[in-house]
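Enquirer: Dropping a prediction and its sequence here:
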4 protein chains.
Amino acid sequence: MNILFIGDIFGNPGRNAIRYFLKDLKKEYSVDVTIANAENSAGGKGITRVIANELFAEGIDFLTMGNHVWDQRSITSFIDEEPRLIRPANYPIGAPGKGYGFIRVEGQKVGVLNLSGRVYLPPLDDPFSMSIRWINELAKETSIIIVDIHAEATSEKIALGWFLDGKVTAVLGTHTHVQTADARILNNGTAYITDVGMTGPRDSVLGVKKELIINRFLTQMPVKFEAASGPIQINAVVINVDDRTGKALHITPIQKTADVKE
Amino acid sequence: MNILFIGDIFGNPGRNAIRYFLKDLKKEYSVDVTIANAENSAGGKGITRVIANELFAEGIDFLTMGNHVWDQRSITSFIDEEPRLIRPANYPIGAPGKGYGFIRVEGQKVGVLNLSGRVYLPPLDDPFSMSIRWINELAKETSIIIVDIHAEATSEKIALGWFLDGKVTAVLGTHTHVQTADARILNNGTAYITDVGMTGPRDSVLGVKKELIINRFLTQMPVKFEAASGPIQINAVVINVDDRTGKALHITPIQKTADVKE
Amino acid sequence: MNILFIGDIFGNPGRNAIRYFLKDLKKEYSVDVTIANAENSAGGKGITRVIANELFAEGIDFLTMGNHVWDQRSITSFIDEEPRLIRPANYPIGAPGKGYGFIRVEGQKVGVLNLSGRVYLPPLDDPFSMSIRWINELAKETSIIIVDIHAEATSEKIALGWFLDGKVTAVLGTHTHVQTADARILNNGTAYITDVGMTGPRDSVLGVKKELIINRFLTQMPVKFEAASGPIQINAVVINVDDRTGKALHITPIQKTADVKE
Amino acid sequence: MNILFIGDIFGNPGRNAIRYFLKDLKKEYSVDVTIANAENSAGGKGITRVIANELFAEGIDFLTMGNHVWDQRSITSFIDEEPRLIRPANYPIGAPGKGYGFIRVEGQKVGVLNLSGRVYLPPLDDPFSMSIRWINELAKETSIIIVDIHAEATSEKIALGWFLDGKVTAVLGTHTHVQTADARILNNGTAYITDVGMTGPRDSVLGVKKELIINRFLTQMPVKFEAASGPIQINAVVINVDDRTGKALHITPIQKTADVKE
Ligand SMILES: [Fe+2]
Ligand SMILES: [Fe+2]
Ligand SMILES: [Fe+2]
Ligand SMILES: [Fe+2]
Ligand SMILES: [Fe+2]
Ligand SMILES: [Fe+2]
Ligand SMILES: [Fe+2]
Ligand SMILES: [Fe+2]
């Protein structure tokens, strides 16, 4: 089975990139299941019901989130009814939504677990010790398990990769919006990459108009974010999975760019 | 001119990697000048005079540092006499050492500027506004200027890349110990990569034995760091420069791994 | 001369406290000059022109700010024309407003310098080394100089107190919204307190309705802030100054509470 | 019953202050039980078995800790055998030691719970939700429960105070080394203070020689800590408890200073 995982979709340009690249990508890589991190899909900040439905309609099967999950307050009104949308599992009990879920495809199930790191990020529950509990739940129903570790520090993501090596199909980092060049299969069969990258405007600072962020660094004053224009990109990985064992056979990083006139 | 820049050299395994890979790499890429970030070259923490001399003897022309610069207290006894070793320029006035310098090669000069980011790092002087001042100093003597931006946050490095685009030959990120897959020439001729990566033990967490770091995340107790063993890697980039203009023509990311028995 | 310095005025309840307590307080302590930190005066977030004028009309002579200075974007439209309102001086050059100013009273001048700490706060310019420069400017015109150090970490505020001991009349901390019990005259004649405290609703978390903040800690989800109701308090200090030398003779901490029906 | 709680004991000067002040203080306030935060008792960094025994011999019944708990590695060799020494309860399962305990006194039991905040501190388990579990354990055996919340941010401590108001006898903050002026009985009978303060050298920065810390702020270089000399102080509170209900009747802040020649 081939699983496509798409890095943080950023605003309008990110959704344009999905429309522009996804269909061909799925053919090119014989993709069976598509997962995407959508924490920035609504103007860079969170997600709305309309945008979630748009992304499903474009052919994404399942959405994960990150620290921006609550940016659009309306998410609390639909996240509990949408089984294809999860948020980091290590939010405290009592937070709306779920942290893991399943995708059904061709008589098989793919489990997805969303975690948030805690280094330079809010103090959620421990993603290391707790992940074992949730992976055990997922493992009752399938051996194909994809983990989105949404985190800032490379140390935390890499340590989690080694910690889960052999226990899940893939540990895929998100959040920094820059694809890393370390995709590999770890020693016990888990696919790993520190960050899948960002799907949105290429000539930007993490998706935002670069002049705004430069100004923020120069003045230390807050700026109103605005998605950048110009060329769009998709960042993703394809995991080729041994369906019987759930082990990853290959991980292929993907970057495509296009200069699309709207 | 071809300039080789090597990512954070980590401990013994990192210095082994220099011995193992550097000579061939220089031939393969017709390297004229070699720069390396050496902030972790002494057991992961700082640098000593002996290790600096060892790295020069191995064929590295110039060393930059980062937040680990003061880990070996002895550095304050030699940094002011060693023109080939710089530390982030945005340390306050009064800190020992210098933040920029020159390499002389074949009748030309290469300027090197070392900066530290401030996001999730100590509050040094502003690397954005101050960089202009230092670049002006360097530009008086050469148009070939390499900037090592040692920083955690991708936003800060990318913003600095855009900010200096057209003003310097290259803006090269260090510190996260993971090479990013975004090497490119920016719109005005500056070579850019968010992180060059790490030179040291591959199966590790940023160079450290992975079991130690996993344990630290699980217990939140301090651990005594120890360099990992196993396969070694070198992470680097080669910048191909137009000597007359100082513009970058190409940036080539390099990753080599070897399983060396000692 | 007696100088009254009032801790962070928080929203409506804080302005009520000014109306309720200020006039009597000025009599009780024979106050000549009144300064207040107003960074939370507009609903907890920043300040508006209308609120600034209201506070001046109530008898406050001069306003300082802190990390919330830009919360109300409209401040950039009037801060440059209002000499009685300053913001931390260590914002980068290019930020609107000024970081120090003077109050004229009975043929004398009182200099006021506003600084922001950098520990757990944005990376502004160095408040230590830069303060000397600004104090020199102020000292050209007066020996009575009040410093508002708006900072989180006790270490940073205390170190600044010792650093400026003998160079200014008073180093007064703000930002944590809790008055500390360490008011004293330091060895060289500078009045010092780690935090003056908060002027606003007493039964709150830093001014905000306590249930909201408890909920934020329990869920790690964002909450919309709302000022608490119930009893109001004023937190302040009075500095008794030797007019000729600018030395502080006494520092008197003040806390008053009232249960006012609106 | 009168319970004396002593703020962070810092190094030699702090232990001198215990020797100098404790006996008289116990008489003056008719103290029945003495608890102290000892995270800095060994040269500012952690605690040793010898120092713990010294403090017990001086008349302290029970010791709590904080973020410095593991600074002396030897603590792991005795913390599990010493029932009078606890560390923050919200360290992950697997960390040595316990987070709560009991003091037996005159046929009664006093329960003590040690918690660490997470704002600007390591990401331990949630002190809010978890505290309820531990308080329930303690409440099985006694209604007199003292909570040491070792935390940086005033918001976190105040919110915990309100959260536990009516559930425990006292919520006492430690860690900032500065006593706050907000000691009070909350609405439902819980004694509260944001920070009890520090027991050690008065003319210092949190216990450390002030010149060293000023230098660290000026250079952003690491310094080797050294306890300050000069006058010593004890910071503490006395809680007067209704033995039958466990409610606090009074909280009295204490600060004593002495210029002792050694
Ligand atoms: Fe994102
Ligand atoms: Fe994120
Ligand atoms: Fe490094
Ligand atoms: Fe570093
Ligand atoms: Fe404030
Ligand atoms: Fe503030
Ligand atoms: Fe402490
Ligand atoms: Fe502490």
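Expert: Perfect, I can see it now. None of the values given here were measured: they were computed from a predicted structure. Ligands and ions are numbered 1, 2, ... in the order given.

Enquirer: hey, where'd the helices end up in the stretch 101-250 of chain A?
Expert: All helices of the stretch 101-250 of chain A, identified by DSSP state H, counting those that start in this stretch, fall at A:127-139, A:154-164, A:210-219.

Enquirer: Strands of chain A, start to end?
Expert: Using DSSP state E, the strands of chain A run over residues A:2-6, A:33-37, A:62-64, A:100-105, A:108-116, A:145-150, A:170-174, A:184-185, A:191-193, A:200-201, A:232-241, A:248-258.

Enquirer: Which strands border the last one, and is each parallel or antiparallel?
Expert: If I follow you right, that is strand A:248-258. strand A:232-241 (antiparallel) (DSSP bridges).

Enquirer: Please list all residues in contact with the residue of the stretch 1-150 of chain A at minimum distance from ligand 7.
Expert: Of all residues in the stretch 1-150 of chain A, A:Pro123 sits closest to ligand 7, at 19.8 Å by CB to the ion. Placement of C-beta: from N, CA and C, glycine included. Residues counted as contacts of A:Pro123 (CB atoms under 8 Å, 6 or more residues apart in numbering or on different chains) are C:Gln220, D:Arg118, D:Val119, D:Pro123, D:Leu124, D:Asp126.

Enquirer: among those, which ones are buried?
Expert: C:Gln220, D:Arg118, D:Val119, D:Pro123, D:Leu124, D:Asp126 (16 or more other CB atoms under 10 Å in any protein chain shown).

Enquirer: And those residues, which two are furthest apart?
Expert: Spatial extent of the buried ones among the contacts of A:Pro123 (CB to CB) is set by the pair C:Gln220 and D:Leu124 at 13.8 Å.

Enquirer: Pick the most buried one from the helices of the stretch 101-250 of chain A.
Expert: Mean neighbours per residue, mean count of other CB atoms under 10 Å in any protein chain shown, is largest over those for helix A:154-164, with a mean of 25.

Enquirer: does chain B sit close to that helix?
Expert: Yes. Under the criterion of CB under 8 Å from any CB of the partner chain, helix A:154-164 makes contact with chain B via A:Thr154, A:Ser155, A:Glu156, A:Ile158, A:Ala159, A:Leu160, A:Trp162, A:Phe163.

Enquirer: what residues does the stretch 101-250 of chain A put near ligand 2?
Expert: Within the stretch 101-250 of chain A, the positions lying close to ligand 2 (CB under 5 Å from the ion) are A:His175.

Enquirer: hmm, 8 Å instead?
Expert: A:His150, A:Thr174, A:His175, A:His177 (CB under 8 Å from the ion).

Enquirer: Export stretch A:53-68 to PDB, keeping only CA atoms.
Expert: This file holds the C-alpha atoms of stretch A:53-68, laid out as PDB (Å, rounded to 0.1, in the frame of the first residue of the first chain):
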ATOM      1  CA  ASN A  53     -15.000  19.500   3.300                       C
ATOM      2  CA  GLU A  54     -13.200  21.200   0.400                       C
ATOM      3  CA  LEU A  55     -10.000  19.200   1.200                       C
ATOM      4  CA  PHE A  56     -11.900  15.900   1.500                       C
ATOM      5  CA  ALA A  57     -13.600  16.700  -1.900                       C
ATOM      6  CA  GLU A  58     -10.200  17.300  -3.400                       C
ATOM      7  CA  GLY A  59      -9.200  13.700  -2.500                       C
ATOM      8  CA  ILE A  60      -7.600  13.900   0.900                       C
ATOM      9  CA  ASP A  61      -8.900  11.100   3.100                       C
ATOM     10  CA  PHE A  62      -7.800  12.200   6.500                       C
ATOM     11  CA  LEU A  63      -6.600  15.400   8.200                       C
ATOM     12  CA  THR A  64      -4.300  16.000  11.200                       C
ATOM     13  CA  MET A  65      -3.700  19.200  13.100                       C
ATOM     14  CA  GLY A  66      -1.200  20.900  15.400                       C
ATOM     15  CA  ASN A  67      -0.700  23.900  17.700                       C
ATOM     16  CA  HIS A  68      -3.000  26.000  15.500                       C
END
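
Enquirer: That stretch vs ligand 1: in contact?
Expert: Yes. Counting by CB under 8 Å from the ion, contacts between stretch A:53-68 and ligand 1 involve A:Gly66, A:Asn67, A:His68.
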